[in-house]
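# next one to model:
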Amino acid sequence: MVDVSIGQIMDYHKVLKRNVKVGNIKVPIIDLDQLKKLKKKAGRPKDLADLDDLKRLEKLGDD
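You can find the predicted model right below:
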């Protein structure tokens, strides 16, 4: 899944991220906790549904 942010919800340079190499391209990946904060802050129905999905996936990982 790829999630793209358009607009300024948070200062991109302050976001905790790591680069993952995909082929010959380095792709910045946001920290999971910050992604959840951004989804909550955006507040759109799709973002809130994504947030619920992320929480369910985290619970599966705890099992």
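# which strands and helices sit next to the longest helix that the chain contains?
Longest helix in the chain by number of residues (criterion: DSSP state H): helix 45-62. Helices and strands in packing contact with helix 45-62 are listed as helix 32-42; criterion 3 or more CB pairs under 8 Å, 6 or more residues apart in numbering; DSSP states H and E. C-beta coordinates here come from the backbone N, C-alpha and C atoms, glycine included.
# buried stuff in the helix it packs on?
35-39 (16 or more other CB atoms under 10 Å).
# in this structure, what spans have low per-residue confidence?
Applying pLDDT under 70 to the chain flags the ranges 1-13, 63.
# and the spatially most central residue of it, how far is that from residue 16?
Central residue of the chain (CA atoms, centre = their mean): residue 35, 3.1 Å from the mean position. Counting by CB to CB, to the nearest Å, the gap from residue 35 to residue 16 is 10 Å.
# joint contacts of the two?
Common neighbours of residue 35 and residue 16 are not found (criterion: CB atoms under 8 Å, 6 or more residues apart in numbering).
# beta partners of residue 19?
residue 28 (DSSP bridges).
# hang on, it packs against residue 30?
No. Residue 19 lies out of contact with residue 30 (CB atoms under 8 Å); the separation is 11.3 Å.
# these two - which one has more neighbours?
Higher neighbour count among residue 19 and residue 30: residue 30, with 18 against 10, using other CB atoms under 10 Å.
# need phi/psi at the more buried one.
Recorded main-chain torsions at residue 30 are phi -80, psi 150, according to degrees, to the nearest 10.
# which residue packs closest to it, ignoring adjacent ones?
In space, and not counting its chain neighbours, residue 30 is closest to residue 17: 5.1 Å by CB to CB, 6 or more residues apart in numbering.
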